[in-house]
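1. any chance you could fold what I've pasted below:
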Amino acid sequence: MKSSTFTRASLSSILQPAFSPRPISGRPITCSAVAPKPQTPLHLRPPSFRATLSELQKWHVWAKNKASSVGSTFLDLDNGPDSTLLHRELNWLVEDALEQPALLSRNNYDDATPVSIRARLDDLYNLWKQRIDERRPFQYVVGCEHWRDFVLSVEEGVLIPRPETEMILDLVDESVSQNAGLKNGLWADLGTGSGALAIGIARVIGSGRGRVVASDLSPIAVAVASYNVQRYNLQERVDVRLGSWFEPLNDVNGELSGLVSNPPYIPTENIEGLQAEVRKHEPRLALDGGENGMNDLIHLCNGAASMLRPGGFFAFETNGEIQSELLVDYMDTEIKGSFFDVNIASDFAGIRRFVTGYRA
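-> Have a look, this model is predicted:
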């Protein structure tokens, strides 16, 4: 699976394919009477529970045996995690759950020393059962994802941000480096999910006059993105709005200096073939891009032609070669003259995944 240099920050790279939570175009704006409250990631919870060291050691032995029993079964089945990766995840769970993880290295299994933990001991058993028996993604188990240099809250209903998507921030950085005026404008991250791109763009454009609007159709995603924005003290620079694609941005039509999105781009017929962690647990709303995976990408292209100001930059993520080429062809034929300097950029694996350009 992974080499010994595998890090927690690259964990989501085993989840295939790469995408972020996005709403389906054409859905009306929906609101809930009471905004959902995001769950606090495990590592941020107070260590208000207690268990004896011997009880925790018994749990740890049980959990290690459960991870070992998987072998390569999941890997062979659908490219899921093998025992080696699961043991790494267990180590990370211990780090998040225990106030003093090093205590588990003691070999006295009759030690009654009380240990402070951030979840009940029964909950630790249940969480690891969910990870193995239900193939629940580890990021949902601990409530966070290490992405770029951020630790972002994630939970069911919000797709886990992938390492490939970090490249969009590099593309934005390159664009504003070439045109400093873009830094002081208004940027948008459509279908923000966890808020990863919006938070990253706010960091890229700096603390000047630039601002970011982030939208998502999912009330859960809006709540989680808002939580992440506040954790990084960016609420004065990032405005999270509930709604479908461009609908929450009607007040800034034609004013955007930049627009990014990582929409659903998986063809409908391919959803059932995805890894169990993705297929069974991550929101289908965030995955399904329609018959050929292009529905939302086309919608974004059409909207960008009216939402971006002249010279405004865009970057969209696709599932790779064919979709990128189809998107460029659409811009060149169906909305010809709307954009210039349209290019396809590769991700870290060399896949031509991103389409970028500027409003004419």
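2. helices along the stretch 151-300 of the chain, start to end?
-> 166-178, 196-205, 219-231, 276-281, 295-307 (DSSP state H, counting those that start in this stretch).
3. would you mind finding the most buried of those?
-> When the helices of the stretch 151-300 of the chain are scored by mean count of other CB atoms under 10 Å, the highest mean neighbour count falls to helix 196-205 (a mean of 26). Backbone N, C-alpha and C define where each C-beta goes, glycine included.
4. now do that helix against helix 219-231, angle only.
-> For helix 196-205 against helix 219-231, the angle by axes from the mean of the first three to the mean of the last three CA atoms, to 10 degrees is 30 degrees.
5. hmm, who's touching helix 196-205?
-> For helix 196-205, the surrounding residues in contact (CB atoms under 8 Å, 6 or more residues apart in numbering) are 20, 147-148, 150, 152, 161, 165-166, 168-169, 172-173, 176, 182-184, 187, 189, 192, 210, 212-214, 225, 228-229, 232, 234, 237-238, 240, 258, 260, 262.
6. then stretch 60-74?
-> 80-83, 86-87, 89-90, 93-94, 104, 124-125, 128-129, 132, 135, 276.
7. mind redoing it with 10 Å?
-> Stretch 60-74 is contacted from outside by 1, 80-91, 93-94, 98, 104, 109, 124-125, 127-129, 131-133, 135, 275-277, using CB atoms under 10 Å, 6 or more residues apart in numbering.
8. generate a PyMOL selection restricted to the buried subset of these.
-> For the buried members of these, the matching PyMOL selection, counting by 16 or more other CB atoms under 10 Å, is:
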select buried, resi 80+81+82+83+84+85+86+88+89+90+93+94+98+104+124+127+128+131+132+135+275+276+277
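9. among the contacts of stretch 60-74, which are located in helices?
-> 83-91, 93-94, 124-125, 127-129, 131-133, 276-277 (DSSP state H).
10. coming back round to it: any chance of the helices of the stretch 151-300 of the chain in CSV, plus mean pLDDT and distance to residue 66?
-> Below are the helices of the stretch 151-300 of the chain laid out as CSV (pLDDT from 0 to 100; distance: least, CB to CB, whole Å):
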stretch, mean pLDDT, distance to residue 66
helix 166-178, 96, 32
helix 196-205, 97, 31
helix 219-231, 96, 29
helix 276-281, 96, 16
helix 295-307, 96, 39
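11. among these, which is nearest residue 349?
-> Of all the helices of the stretch 151-300 of the chain, helix 166-178 sits nearest to residue 349, with 10.2 Å by CB to CB.
12. by contact count, what packs against the closest one?
-> strand 186-190, helix 196-205, strand 256-261, strand 308-317, strand 339-346, strand 352-359 (3 or more CB pairs under 10 Å, 6 or more residues apart in numbering; DSSP states H and E).
13. nearest to residue 45, out of the ones you listed?
-> By CB to CB (comparing all of the helices and strands packed on helix 166-178), the closest turns out to be helix 196-205, at 21.6 Å.
14. so that closest one versus helix 166-178, what angle?
-> Using the same axes, to 10 degrees: helix 196-205 against helix 166-178 is 30 degrees.
15. sorry, back to before: format the helices of the stretch 151-300 of the chain as CSV; extra columns: distance to residue 53.
-> CSV is the format used below for these (distance: least, CB to CB, whole Å):
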stretch, distance to residue 53
helix 166-178, 39
helix 196-205, 37
helix 219-231, 32
helix 276-281, 32
helix 295-307, 51
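16. roughly how far does the nearest residue to residue 234 once chain neighbours are set aside sit from residue 263?
-> Sequence neighbours aside, residue 202 is the residue nearest to residue 234 in space, at 5.0 Å (criterion: CB to CB, 6 or more residues apart in numbering). According to CB to CB, to the nearest Å, residue 202 and residue 263 sit 21 Å apart.
17. next one: residue 81
-> Distance of residue 81 to residue 263, given as CB to CB: 27 Å.
18. for residue 36, same thing?
-> For residue 36, the distance to residue 263 (CB to CB) stands at 22 Å.
19. the two: who's more crowded?
-> Using other CB atoms under 10 Å as the criterion, residue 36 and residue 263 rank with residue 263 on top: 27 against 15.
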